[in-house]
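Colleague: Next comes the sequence, and after it the predicted model I'd like to discuss.
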Amino acid sequence: MPVVDIADKLALFSDHWSPKVVARLNDYEIKLVKLKGEFVWHTHEDTDELFLVIDGRLTIQLRDGDVTLGPGQLFVVPRGVEHCPIADGDVSAMLIEPAGVVNTGDAGGELTAARDTSLLD
């Protein structure tokens, strides 16, 4: 059972809005992602989504008010809640969600990441 070094894993990629699986926990995937700019408004009807900021500042737009996170802060977007992340500058974050969740949820489009993109050893 290898130890996951978050900094080492983040150094392995540079693409934005394309989460990489670094660990699995039961039926969940632990993903690292680099963010920059604005994403798309979307929902995940069947699951909550956890954002944990590692570096930078991330704003998660919600229809009833925004949430801004800095390093070491996390926020859980409840299932079915429409949201749109915005990264002002470069942001590194961890996502925790059930295996197979599509990053763009119900929105689809060009920012939909490839499934099963993994950095597992």
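Modeller: Perfect, thanks for sending it. None of the values given here were measured: they were computed from a predicted structure.
Colleague: so where is the protein shaky, pLDDT-wise?
Modeller: 102-117, 121 (pLDDT under 70).
Colleague: got a list of what the residue nearest in space to the middle of it touches?
Modeller: Geometric centre of the chain, nearest residue: L95, 4.2 Å, by C-alpha atoms, centre = their mean. Contacts for L95 (C-beta atoms under 8 Å, 6 or more residues apart in numbering) come out as 19, 29-33, 49-52. Bear in mind the C-beta positions are built from the backbone N, C-alpha and C, glycine included.
Colleague: now do 7 Å
Modeller: The neighbours of L95, taking C-beta atoms under 7 Å, 6 or more residues apart in numbering as the test, are 19, 31, 33, 49-51.
Colleague: which SS class is the nearest residue to it once chain neighbours are set aside?
Modeller: With C-beta to C-beta, 6 or more residues apart in numbering as the criterion, L95 has its nearest non-adjacent residue at 4.4 Å, and that residue is K31. Judged by DSSP: H, G, I helix; E, B strand; the rest coil, the three-state class of K31 is strand.
Colleague: For K31, list each beta-bridge partner.
Modeller: In this entry, K31 is beta-bridged to V21, L95, by DSSP bridges.
Colleague: which ones are touching it?
Modeller: By C-beta under 7 Å, 6+ apart, the contact set of K31 is 19-22, 94-95.
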